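In: build me a model:
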Amino acid sequence: MPDAVVIGAGPNGLVAANLLADAGWSVEVLEEQPEPGGAVRHDNGVDPEFVSDLFSSFYPLAVASPVLRTLGLERHGLRWSHAPHVLAHPLGDGTCAVLDRDVDTTAASLDAFAAGDGDSWRRLYEVWDRYRPDILSALFTPFPPVRATARLAARLRVGGGLRLARNLILPVRRMGEEEFRGEGGRLILAGNALHADLAPEAAGSGGFGWLMSMLGQTYGFPVPVGGSGALTAALTHRLRARGGTLRCGERVSRVLVRDRRAVGVRTAGGETVAAGRAVLADVSVPALYGELVDAADLPAQLLTDVRRFQWDFATFKVDWALDGPVPWRSEEAARAGTVHLADGVDELTRFAAQIARRLVPDRPFALFGQMTTADATRSPRGTESAWAYTHVPHDIRGDAGDEGITGSWDAKDQEVMADRVERQVERFAPGFRSLIRARRVLAPPTLQAMDSNLHGGAINGGTTALHQQLFFRPVPGTGRPETALPGLFLASAGAHPGGGVHGAPGANAARAALRRHRGPGPAMLQRALTRRDRTGDRGPREER
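Out: Numbers count the residues shown, from 1 in each chain. All right, here's what the predicted structure looks like:
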């Protein structure tokens with residue numbers, strides 16, 4: 001009987017399993033899919049010569065995360081690579097805002113839109129650089145992050161903390177208007193805010209856009225060499241090296257409860273796997289409380305709160321194998337790993353408003369990934385492995401594009417929407433469609449079928465809006481990984497601090513389980529952490 005059973009081999013589940021194994025616990029991970037990784041996987045499904053990331057691709061949070069950094073994954077084969085520019089946001093007139101790891105390059109790009117905006121960017125970056133260690137510590141540790149918050153509060157009292165707090169809750173449109181005279185800086189902030197489901201007018205979108213922008217400025221948007229699955233391979237190799245067990249193709253259908261305590265799981269095949277100390281669930285919140293745990297074992301208020309749980313936007317993705325580089329009007333866009341496609345902040349607002357009205361957007365804001373630009377191993381020389389994704393409503397009431405997309409996501413819906421995304425790319429890169437060798441469409445139901453945590457194509461484990469963050473995540477409470485059942489811990493992006501590949505929910509759940517079982521396990525964890533401190537914190541290895 002293992003000490004712990006982990007449900008799900010996504011990055012959070014694998015991080016949790018690694019930390020428990022470091023503590024001397026025996027760990028068994030059960031994964032529904034035929035391979036581990038959750039939303040961190042790649043394949044050759046578009047073209048045999050092209051590597052395509054199935055879901056996530058760029059990982060600023062992974063490189064910034066102290067959780068992943070202490071695991072020393074470079075010793076298990078992980079290498080990082082960067083595009084020349086982090087991000088570009090071209091406009092229809094050929095101008096282009098650029099985010100680069102060199103702050104002077106970013107500043108020069110913004111000065112081209114309005115003189116003085118480069119200095120405004122530097123001021124935003126100076127605030128980030130001053131408070132970065134404490135912000136990251138607060139972000140990646142269990143809520144409430146008492147020590148990090150105390151340090152941050154002490155420093156903010158000296159440095160104007162109320163002003164920073166105000167900026168963090170501002171809508172990103174307002175933040176951009178206050179900080180920049182031109183469109184360039186506003187575009188970088190607003191486009192990054194829409195990596196989540198935050199409209200330019202949403203409270204807190206300014207803070208999220210600023211955070212993502214500053215992560216890009218500091219760490220870039222790196223990619224694993226060879227494909228996103230290389231990150232998963234490093235996590236699984238490390239786990240197995242420490243004696244952990246991983247079984248794929250094993251769907252958990254029930255968390256077993258005895259005497260009001262989680263004691264194991266039952267698989268869809270009828271196998272019972274007992275857990276000596278804990279069950280950690282890297283699954284969505286509605287799946288845990290609506291499917292895996294019997295309602296009779298849960299408080300009535302929790303069940304009521306879960307019915308109010310809000311998903312983030314649904315996602316529609318297209319992968320391409322291209323016979324040549326994307327013909328951007330802007331040369332700067334050709335050098336960026338990530339390209340944001342919307343002709344101004346007003347178009348971003350229009351896009352978000354259509355989703356709020358439950359319409360499929362007619363001019364979808366697209367995040368475009370140039371994977372060969374970021375990592376030359378992804379496709380043959382002179383070609384490009386690329387993708388774009390956009391957001392759509394979960395409950396579709398109409399098509400703003402008047403082409404009859406219904407939300408059934410049958411073959412017709414998929415082809416019409418994929419063509420619409422390609423037309424959006426063509427607006428900024430005329431001739432793009434002539435380069436397409438092959439394409440693959442991943443509609444919301446397809447994404448969910450490939451990873452059940454991506455309900456309806458939602459990629460962040462629940463909305464990023466303020467009403468479902470901090471002590472409201474996943475429901476009003478403490479914001480911690482402990483659940484209403486002793487021995488059961490929430491280890492997915494549904495827990496604080498939410499979506500993104502950084503491992504914090506898994507690490508928080510593992511540490512909570514270890515605190516409940518003080519003894520040999522935690523002491524061994526401390527020795528393991530000490531060993532890693534001496535040998536493993538060398539920073540990520542990079543290639544360009």
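In: which residue is nearest the middle of the protein?
Out: Per CA atoms, centre = their mean, the C-alpha nearest to the average position across the chain is that of residue 500, at 2.3 Å.
In: residues contacting it?
Out: 61, 460, 493 (CB atoms under 8 Å, 6 or more residues apart in numbering). Using the backbone N, CA and C atoms, a C-beta is placed for each residue, glycine as well.
In: phi first, then psi, for it.
Out: phi 110, psi 150 (degrees, to the nearest 10).
In: endpoints of stretch 328-346, how far apart?
Out: 22 Å (CA to CA, to the nearest Å).
In: mean confidence score for that stretch?
Out: For stretch 328-346, mean pLDDT is 97.
In: buried residues in it?
Out: Using 16 or more other CB atoms under 10 Å as the test for burial, stretch 328-346 gives 328-330, 332-345.
In: output stretch 250-260 as PDB, nothing but the C-alphas.
Out: Provided in PDB are the C-alpha atoms of stretch 250-260 (Å, rounded to 0.1, in the frame of the first residue of the first chain):
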ATOM      1  CA  GLU A 250      -6.000   4.200 -15.200                       C
ATOM      2  CA  ARG A 251      -9.000   6.500 -14.700                       C
ATOM      3  CA  VAL A 252     -10.000   7.000 -11.100                       C
ATOM      4  CA  SER A 253     -13.700   6.800 -10.700                       C
ATOM      5  CA  ARG A 254     -14.100   7.300  -6.900                       C
ATOM      6  CA  VAL A 255     -12.300   8.600  -3.800                       C
ATOM      7  CA  LEU A 256     -12.800   6.000  -1.100                       C
ATOM      8  CA  VAL A 257     -14.000   7.400   2.300                       C
ATOM      9  CA  ARG A 258     -14.000   5.500   5.600                       C
ATOM     10  CA  ASP A 259     -14.900   7.100   8.900                       C
ATOM     11  CA  ARG A 260     -15.000  10.500   7.300                       C
END
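In: about what we covered before: mind checking which of the contacts of residue 500 are in helices?
Out: Under the assignment DSSP state H, these contribute residue 61 to helices.
In: neighbour-wise, which of the contacts of residue 500 leads?
Out: residue 493 (32 neighbours; other CB atoms under 10 Å).
In: look up phi and psi at that residue.
Out: Recorded main-chain torsions at residue 493 are phi -70, psi -10, according to degrees, to the nearest 10.
In: wait, what's in contact with the residue nearest to it when sequence neighbours are not counted?
Out: Ranked by CB to CB, 6 or more residues apart in numbering and with sequence neighbours excluded, the top spatial neighbour of residue 493 is residue 461, at 2.9 Å. Residue 461 sits next to 284, 285, 312, 453, 492, 493, 494, 498, 499 when contact means CB under 8 Å, 6+ apart.
In: look at the residue nearest to the first one when sequence neighbours are not counted and say how many residues are nearby.
Out: I take that to be residue 284. Nearest residue to residue 284 in three dimensions, chain neighbours excluded: residue 453, at 5.0 Å (CB to CB, 6+ apart). If you count neighbours by other CB under 10 Å, residue 453 ends up with 24.
In: pretty sure residue 453 contacts residue 283?
Out: Yes. Under the criterion of CB atoms under 8 Å, residue 453 makes contact with residue 283 at 6.3 Å.
In: quick check: neighbours shared by those two?
Out: With CB under 8 Å, 6+ apart, residue 453 and residue 283 have common neighbours 8, 492.
In: how about the helices in the stretch 1-150 of the chain?
Out: Secondary structure of the stretch 1-150 of the chain (DSSP state H, counting those that start in this stretch): helices located at 11-22, 60-64, 66-69, 103-111, 117-140, 146-159.
In: check those helices for me: which has the lowest mean pLDDT.
Out: Here the lowest mean pLDDT among the helices of the stretch 1-150 of the chain goes to helix 146-159, at a mean of 58.
In: got the angle for the helix or strand just after that one vs helix 117-140?
Out: Per DSSP states H and E, helix 146-159 leads on to helix 161-169 as the next helix or strand towards the C-terminus. With axes from the mean of the first three to the mean of the last three CA atoms, to 10 degrees applied, the angle from helix 161-169 to helix 117-140 works out at 90 degrees.
In: can I get helix 161-169 in CSV, CA atoms only?
Out: Taking Å, rounded to 0.1, in the frame of the first residue of the first chain, the C-alpha atoms of helix 161-169 are listed here in CSV:
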residue,chain,number,x,y,z
GLY,A,161,2.3,50.1,-1.0
LEU,A,162,-1.2,51.6,-1.5
ARG,A,163,-0.3,52.9,-4.9
LEU,A,164,1.0,49.4,-6.0
ALA,A,165,-2.1,47.8,-4.6
ARG,A,166,-4.3,50.2,-6.5
ASN,A,167,-2.4,49.4,-9.7
LEU,A,168,-2.8,45.7,-9.2
ILE,A,169,-6.6,45.9,-9.0
